[in-house]
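In: Predicted model, plus sequence, below.
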Amino acid sequence: MKLEQKAGDPFGWFEIPTTPIGPVIRCQVSNAYDEFEFEHVSVSLGHRCPTWDEMCKVKDLFWDEDDVVVQYHPAKSEYVNLSKTCLHLWRWTKGQFPQPGKCEVG
């Protein structure tokens with residue numbers, strides 16, 4: 001399925017400044033469609049992986065504060081690494097991800 005971006009679409013390419021003179025975060029955003037049940041954002045700065053704070057900034061820009069969004073760490077046999085400096089955020093649109101309790105995560 002080829003998606004063509006137009007104004008107001010919830011997907012496409014975005015550039016987000018980190019500071020007035022800092023690096024730019026580049027995001028490729030995909031919304032859920034047809035049988036694909038996940039919203040997805042690829043996050044890259046090009047020269048290094050995004051930090052935790054940068055990933056939090058992206059999460060806050062593209063989702064509500066109460067949305068649960070995850071980074072997957074698949075089985076090693078399932079690794080596909082197209083870019084060593086790109087991380088991904090996913091939100092399942094068909095319900096809530098199971099989660100450990102607050103004390104276990106914090």
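Out: Good, I have the coordinates.

In: Tell me the first helix or strand C-terminal of the longest helix along the chain.
Out: Longest helix in the chain, counting residues (DSSP state H): helix 52-62. Toward the C-terminal end, the helix or strand that comes next after helix 52-62 (DSSP states H and E) is strand 86-92.

In: wait, what's in contact with residue 36?
Out: Residue 36 sits next to residue 30 when contact means C-beta atoms under 8 Å, 6 or more residues apart in numbering. For every residue, glycine as well, the C-beta is placed using N, CA and C.

In: how much space between it and residue 92?
Out: Using C-beta to C-beta, to the nearest Å, one gets 11 Å for the distance from residue 36 to residue 92.

In: Show the low-confidence segments of this protein, by residue range.
Out: Scanning the chain for pLDDT under 70 picks out 1-10, 32-34, 106.

In: coming back round to it: got any residues that touch both of residue 36 and residue 92?
Out: If you check residue 36 and residue 92 against C-beta under 8 Å, 6+ apart, no residue is contacted by both.

In: What is the burial count for residue 30?
Out: Residues within reach of residue 30, counting by other C-beta atoms under 10 Å, total 16.

In: I misspoke; the intended subject was residue 24.
Out: 13.

In: Pretty sure it sits against residue 17.
Out: Yes: under the criterion of C-beta atoms under 8 Å, residue 24 makes contact with residue 17 at 5.8 Å.

In: who are the neighbours in contact with residue 50?
Out: Counting by C-beta under 8 Å, 6+ apart, residue 50 has contacts 25, 43, 44, 58, 87.

In: Out of these, the closest to residue 75 would be?
Out: Proximity of the contacts of residue 50 to residue 75 (C-beta to C-beta) peaks at residue 87, which lies at 17.9 Å.

In: That closest one contacts residue 71, doesn't it?
Out: Yes: between residue 87 and residue 71 there is a contact under C-beta under 8 Å: 6.2 Å.
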